[in-house]
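Enquirer: for reference, the sequence and a predicted model appear below.
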Amino acid sequence: MDIKILGPGCPKCKTLDKITREVVEKNGINATITKVEDIMEIMKYGVMSTPAMVVDGKVVVKGKVPSADEIKKILTQ
């Protein structure tokens, strides 16, 4: 699984990155997590509000920081 956290480095973006890494580690999910901070790269996904999460090329979260439980649901569906 390829996970990208999109955001310029704001506190919410860092929180989403941290929670996602914790969920992946706690649940033994086989995933590569990449932090994307380049605004031009972020815009390629059509995301106008950050933070956002992209899983295997599909935007699954944008403009908010979901709870750890919500992230777990997204990643284990």
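Expert: Great, that's in hand.

Enquirer: which helix in this structure runs the most residues?
Expert: helix 11-26 (DSSP state H).

Enquirer: quick one: buried residues of it?
Expert: Buried residues in helix 11-26, counted by 16 or more other C-beta atoms under 10 Å: 13, 16-17, 19-20, 23-24. In short, each C-beta sits where N, CA and C put it, glycine included.

Enquirer: which residue ranges of this protein form helices?
Expert: 11-26, 39-43, 68-76.

Enquirer: how far away is the residue nearest the centre of the chain from residue 64?
Expert: Centroid check for the chain by C-alpha atoms, centre = their mean gives residue 53 as the closest residue, at 2.9 Å. Going from residue 53 to residue 64 by C-beta to C-beta, to the nearest Å gives 10 Å.

Enquirer: who touches both of the two?
Expert: Among the neighbours of residue 53, none is also in contact with residue 64 (C-beta atoms under 8 Å, 6 or more residues apart in numbering).

Enquirer: what's the nearest residue to residue 27 if we skip its chain neighbours?
Expert: residue 72 (6.2 Å; C-beta to C-beta, 6 or more residues apart in numbering).
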